[in-house]
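[1] Quick one, structure for this:
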Amino acid sequence: MKKNTAQRAEAVPAMAEVASPRLGGLWSALVYATATLWLGAPALLGKFLINIRSDQYLAGYAFREFGAHALRTTGSFPMWNPYIFGGLPYVAAMHGDIFYPTFLLRMIMPTDVAMTVGFMLHIFLAGVFTYYFLRACGFGFYSALAGGLAYMMGGPIASYVSPGHDGKLFVSALTPLALWMLIRGIRDGRYRAFGVFALVTGLAVLSPHPQLLQYMLLLSGAFALYLAFSPGDSGIALPRNTAFARLGLSAASVAVGMVMGAVQYLPVMQYVAWSPRAGGASYEFATSYSFPIEELLNTYIPQFTGILNSYWGRNGIHFHSEYLGASVLVLATLGFGAALGITRRGFARFWLGVFVVALLWALGGYTPFFQLLYALVPGTKFFRAPSTIFYVVALSIAVFTALGVERALALDFTKRFLVGWSIAAGILLLLGVSGGLTSMATAIALPQQADKVPGNAAELGLGSIRSFFAAAAMLAVLFLLLSEKVRAPQAAWAFVAIAALDLWSIERFYWLFSQPAAQIYASDAAIEYLQHVKEPGRVLALQLGQGDATRDPYLTTVSNGLMIHGVRQLVGYHGNELGRYETLLGGPDYKELGNPKLWSLLNVQYILTDVDSLPIPDAKKLLGPVKNAVGDAEYLFQLPGDNAYAWVAPVIVKAGDAPVLATVLDPRFDAPRVALVDSAAPVLGPQITTMPAATGIGVHTVSYAPGDVVLELAKPAPAGAALVVSENYYPGWVATVDGKTAPVVRTDYSLIGVVMPTGGTKVELTFTSPSYQKGKMLTLVALGLSLVGIVAGAAADRRRRG
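    Below you'll find the model as predicted:
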């Protein structure tokens, strides 16, 4: 008989589960809220969910406080960040969750409190959304409850708080919500779900974490195809025309969601050519921070490669956790059996495929599979750390955990399963306590990390015991259930309790709190001095002594601590600064950082350090020793020379990038005598045979604010002169001289040059972003379309139900 569009593929529907309690959704929310507060209890005492290794400590707080302050005081998002790396566009270069709804929290509460609440809220939502996704898949209350808990408290999600990866957490929390909406839209035909799916996609775009967005969209696309063309629990597939129509609505929803991100990504698209990653990155870059194969053992014994400071693995640093839970893995492996059975076989096989592909992707450069991804998958060349896709592995484990609970409560397992797991757990225990795993670690560890292996041996032994008892506790409940010594609801609650305790016992190490921001970023005498300097001057912060630079937000080149106080730094912590500025510094390693010619060009007037003298002739000690917020002694020095913020060059010379770069770093170059302008700039420059004398015209800063500068010349500008401003050039800077528009050109490789009319004295510089304005309108339109889709879809759903 010829197959038609309604065909049976799964012989048996999902297993019937024990009755759900009343108000199951509220019970699940209570469980997830309790689990979140269990991890984050110090927040109730006013502590800040941040630690010295966190990106939020080094940069994130500064970015968010800057944006929140601008919104509170001006009512607008800032367009320019002048405080790090010579200045960079705030939106285009990306500074975290600028437009994601968490910015609203920063409008109603202090920034540090808002950041802590944002993290904890999304951990909670990860559980809630996974619960409802699994319920929509047909799972009962207990199965969905366990799956949601396994996802939200598992290492890949719960440990995001340690490195401060909030964008990753946002997308990870939204992913099960997106899948839930696809079920409601494609399988169930609820049209309002497509509007919600568009909104969810838009939020993921605005997270903004393009790498995890890519993973979410790939998973959503695969799941949409599965829903459209495979039978559900009833064994009946959608009619082909219905399937294509609903896939079309899903694709349209993605398109609307992508447009919703225009306010962020239109400026980003313009910026790509100016960033250090222009043109993509090498295969070596793309495979950096791949998931080492041996670290898969961390999913069961998290101490294998060491937790946090004890880490000896091949990635050098490891601030997150891959621990999936020994007890959870017992349930998940029971769920894997569904792929071989007749109940939910197609569903289980789909998620088994997701598990395998995501795991191979996470392994990155350690398998040949990633070469195919690098060559074929758009966007992959721009990202590193393929291991970040491991959250999809965690989600698939959550699905299999739900399958495992379902099978357990239906008694669809045998003592052979329990015996097999007991043997495996016993072997791993023996290897852990006998030193076998430590010997394996010694053979694997890189030479520079090898000394950490012996120090981790005791933790590894204890960790092996802990994991054994976690697995044994779950196996014991399964045995009691199989022996009919406990009832199904009691066993189900025991599953949840054991998994929660198991996961909490590890993930609590990653929930590190600090004192409130007002204390850890407190001002000091050196900062107050810099805040009251009349003319702009950058600061080079360097730790030259023997202290721990990672704990001090001020005495390091890789922190934005001074930005919090409105002090301009020579460098900072970002990762997507302007590429030309990075080149000017000597590349990613900042090889020119100690070049006095660079200091002169980039307005570096001060050095903040932890030693009481500098090997720099005529450097003047202004303050010190002064204790800063973390208790370090610091000294503030003023460098010799003018190192002005702006100067008037008598002549413009056009030249290509290579000769300009070599010239501006040459010790013989005298910047005030000539403005070296981009050869493509639409200005005329004379041919000169000798360098003219400097104009000697002083430039006074009338006012200075992010993206808005007013300068005044001490004397009228001579004919053919240019005002050079030690601020990064980027398209969007506009200038007026005495109220009339003047050309702005890239000068001295990366700086702003204003072509001065003869006699000009007052210059106003403003940074604008037409791409932001256009993107904002598109975002509002897309947001409106998604809301219309929700309302219209709900009306259509009501009409259809009659």
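[2] List the buried residues for the lowest-mean-pLDDT helix or strand in the chain?
    Ranked by mean pLDDT, DSSP states H and E, the weakest helix or strand in the chain is helix 283-286, scoring a mean of 91. Buried residues in helix 283-286, counting neighbours by 16 or more other C-beta atoms under 10 Å, are found at A286. (Glycine included, C-beta is placed from N, CA and C.)
[3] could you say what helices and strands it packs with?
    Applying 3 or more C-beta pairs under 8 Å, 6 or more residues apart in numbering; DSSP states H and E, we find helix 283-286 packed against helix 369-376.
[4] what's the spacing between the helix it packs on and its chain's center?
    23 Å (C-alpha atoms, centre = their mean, to the nearest Å).
[5] Mean confidence (pLDDT) on the helix or strand just after that helix, please.
    Next along the chain after helix 369-376, taking DSSP states H and E as the criterion, comes helix 390-409. Averaged over helix 390-409, pLDDT sits at 98.
[6] Okay, angle between the following helix or strand past helix 390-409 and helix 390-409 too, please.
    Next along the chain after helix 390-409, taking DSSP H and E as the criterion, comes helix 415-434. Helix 415-434 runs at 130 degrees relative to helix 390-409, counting by axes from the mean of the first three to the mean of the last three C-alpha atoms, to 10 degrees.
[7] what does helix 415-434 contact?
    The contact list for helix 415-434 (C-beta atoms under 8 Å, 6 or more residues apart in numbering) reads 300-301, 326, 330, 333-334, 337, 436-437, 440, 460-461, 463-465, 467-468, 471-472, 475, 478-479, 482.
[8] Can you name the element that comes right after it?
    helix 436-444.
[9] Tell me what angle that next one forms with helix 415-434.
    Taking the same axes, to 10 degrees, helix 436-444 and helix 415-434 form an angle of 60 degrees between their directions.
[10] which stretches of the chain have low pLDDT?
    By pLDDT under 70, the low-scoring segments of the chain are 1-17, 233-234, 279-280, 342, 549-550, 802.
[11] How is it divided into domains?
    45-164+276-510, 521-638, 646-768 (automatic domain parsing).
[12] Quote the end-to-end distance of the first one.
    With C-alpha to C-alpha, to the nearest Å as the measure, domain 45-164+276-510 spans 18 Å from end to end.
[13] What of stretch 86-103?
    In stretch 86-103, first residue to last residue: 25 Å (C-alpha to C-alpha).
[14] buried sites along that stretch?
    Within stretch 86-103, the residues that count as buried by 16+ other C-beta under 10 Å are 86-100, 102-103.
[15] repeat for stretch 782-794
    Residues of stretch 782-794 classed as buried under the neighbour-count rule (16+ other C-beta under 10 Å) are 782-783, 785-786, 789-790, 793-794.
[16] ok, the residues you listed vs Y271, which is closest?
    A782 (20.8 Å; C-beta to C-beta).
[17] Please name the residues that touch the closest one.
    198, 202, 256-257, 259-260, 262.
[18] Save those as a markdown table, and put in neighbour count and distance to M181 too.
    Shown next, in a markdown table, are the contacts of A782 (neighbours: other C-beta atoms under 10 Å; distance: C-beta to C-beta, whole Å):
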| residue | neighbour count | distance to M181 |
| --- | --- | --- |
| A198 | 29 | 9 |
| G202 | 24 | 12 |
| V256 | 24 | 13 |
| G257 | 26 | 11 |
| V259 | 23 | 18 |
| M260 | 30 | 15 |
| A262 | 25 | 21 |
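[19] between these, which is nearest A680?
    A262 (28.1 Å).
[20] Tell me if I'm right that L297 and Q303 touch.
    No. In terms of C-beta atoms under 8 Å, L297 does not count as a neighbour of Q303; the distance is 9.7 Å.
[21] would you list every one of the strands in the stretch 51-200 of the chain?
    80-81, 88-89 (DSSP state E, counting those that start in this stretch).
[22] Could you export the ones you listed to TSV, including columns for distance to G753?
    Shown next, in TSV, are the strands of the stretch 51-200 of the chain (distance: least, C-beta to C-beta, whole Å):
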stretch	distance to G753
strand 80-81	17
strand 88-89	18
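[23] Could you point out which of these sits nearest S771?
    strand 88-89 (9.5 Å).
[24] Pairing partners for the closest residue to I520 other than its chain neighbours in the sheet, please.
    Sequence neighbours aside, S514 is the residue nearest to I520 in space, at 5.3 Å (criterion: C-beta to C-beta, 6 or more residues apart in numbering). With DSSP bridges as the criterion, S514 is bridged to F48.
[25] now S514: how far from L49?
    S514 is 8 Å from L49, where distance means C-beta to C-beta, to the nearest Å.
[26] circling back: quick one: which of L297 and Q303 has more around it?
    Per other C-beta atoms under 10 Å, whichever of L297 and Q303 has more neighbours is Q303, with 24 against 19.
[27] ok, back up a step: any idea which of the buried residues of stretch 782-794 is closest to A278?
    Nearest to A278 among those, counting by C-beta to C-beta, is A782 at 27.4 Å.
[28] Okay, and the closest one sits in which element?
    Using DSSP H and E, A782 falls in helix 770-801.
[29] quick one: contacts for the closest residue to L395 other than its chain neighbours?
    Closest residue to L395 apart from its sequence neighbours, by C-beta to C-beta, 6+ apart: Y151 at 6.0 Å. Contact partners of Y151, counting by C-beta under 8 Å, 6+ apart, are 126-127, 130, 157, 176, 394-395, 397-398.
[30] Let's see that with 10 Å instead.
    Going by C-beta atoms under 10 Å, 6 or more residues apart in numbering, Y151 touches 126-127, 129-131, 133-134, 157-158, 172-173, 175-176, 324, 328, 391, 394-399, 401-402.
[31] what about it, distance to T747?
    Per C-beta to C-beta, Y151 is found 52 Å from T747.
[32] what are the ranges of the helices in the stretch 501-650 of the chain?
    Applying DSSP state H, counting those that start in this stretch to the stretch 501-650 of the chain gives helices spanning 517-520, 525-531, 579-584, 596-601.
[33] closest one to A629 among those?
    The nearest among those, by C-beta to C-beta, is helix 517-520 at 5.9 Å.
[34] Can I get the closest one as CSV, trimmed to CA atoms?
    Output of helix 517-520 as CSV, limited to C-alpha atoms (Å, rounded to 0.1, in the frame of the first residue of the first chain):
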residue,chain,number,x,y,z
ALA,A,517,30.3,47.0,44.0
ALA,A,518,30.5,50.1,46.1
GLN,A,519,33.1,48.4,48.1
ILE,A,520,35.1,46.3,45.6
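[35] May I see the buried residues of it?
    517, 520.
[36] Ok, stretch 729-743 next?
    Those would be 729-733, 735-737, 742-743, for stretch 729-743 by 16+ other C-beta under 10 Å.
[37] measure that stretch end to end?
    Across its full length, stretch 729-743 reaches 12 Å end to end, with C-alpha to C-alpha as the criterion.
[38] Secondary structure element holding A491?
    Assigned by DSSP H and E, A491 belongs to helix 488-507.
[39] Determine the set of other helices and strands touching that helix.
    Counting contacts by 3 or more C-beta pairs under 10 Å, 6 or more residues apart in numbering; DSSP states H and E, helix 488-507 packs against helix 24-40, helix 141-153, helix 155-158, helix 326-336, helix 390-409, helix 452-482.
[40] tell me which residues of the last one are tucked away?
    Just to be clear, that refers to helix 452-482. 452-453, 456-457, 460-461, 463-464, 466-475, 477-479, 481-482.
[41] could you measure the residue lying closest to V737 once chain neighbours are set aside against L711, distance?
    Distances taken as C-beta to C-beta, 6+ apart put G760 closest to V737, at 4.0 Å, once the chain neighbours are dropped. As judged by C-beta to C-beta, G760 and L711 stand 11 Å apart.
[42] Identify the contacts common to those two.
    Common contact partners of G760 and L711 (C-beta under 10 Å, 6+ apart): 648, 723, 737, 754.
[43] So which of the residues you listed wins on neighbours?
    Of these, with other C-beta under 10 Å as the count, V754 tops at 29 neighbours.
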